[in-house]
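In: Mind folding the following:
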Amino acid sequence: MQVLHPPGWDAPIGYANGLVVDAGRIVFIAGQVGWNARQVFESEDIAPQFEQALKNLLDVLAQAGGGPQHIGRITAYCCDKPAYLAARRDLGAVWRRLMGTHYPAMSMIFVADLLDSPGKIELEATAVLPAAPLR
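Out: Presented below is the predicted three-dimensional model:
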């Protein structure tokens, strides 16, 4: 993946403005919330929910043979802006632990509510994996 950064722009913090990827297998990952494999929320706090949602997203991606480095875009939906802003340091630590220094193109959208209560954040992603070898 090649990060797109126009000359003269300030560096984005925690995301890329754009990426270019070579052709490969595209993986679309549905919105993942902060519940466990049994669809139970273990916390109502945003940082643990974010961590679980990101783990869930990576678990789905792993089923296609991918890892964090293959994610080209993440869209985050959050229904608690004050909680998100207050937890940014903790969210950053979760990101670095699970994603390392890979920062895809990202959008953060604040919404009135999520379908799954007491969910506070939902993450969806698009990843591009190398083309499968020909058989």
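In: what mean pLDDT does the longest helix belonging to the chain have?
Out: Counting by DSSP state H, the longest helix found in the chain is helix 46-62. Mean pLDDT, helix 46-62: 98.
In: Measure how far the next helix or strand after that helix is from the centre of its chain, please.
Out: Sequence order places strand 71-78 as the next helix or strand after helix 46-62, per DSSP states H and E. In terms of CA atoms, centre = their mean, to the nearest Å, the centre of strand 71-78 is set 5 Å apart from its chain centre.
In: Can you give the strand pairings for strand 71-78, parallel or anti for each?
Out: strand 105-110 (parallel), strand 121-129 (antiparallel) (DSSP bridges).
In: thinking again about what came up before, check what contacts the longest helix of the chain and list those residues.
Out: Applying CB atoms under 8 Å, 6 or more residues apart in numbering, the external contacts of helix 46-62 come out as 27, 29-30, 32-36, 41-43, 67-68, 70-71, 74, 78, 80, 83-84, 87, 90-91, 94-95, 98-99, 119-125, 127. Yep, even glycine has a C-beta here, placed from its N, CA and C like the rest.
In: list the contacts for the spatially most central residue of the chain?
Out: Residue closest to the average C-alpha location in the chain (CA atoms, centre = their mean): Ile74, at 4.5 Å. By CB under 8 Å, 6+ apart, the contact list for Ile74 reads Leu57, Pro104, Ala105, Met106, Ser107, Leu123, Glu124, Ala125.
In: All good on my end, thank you.
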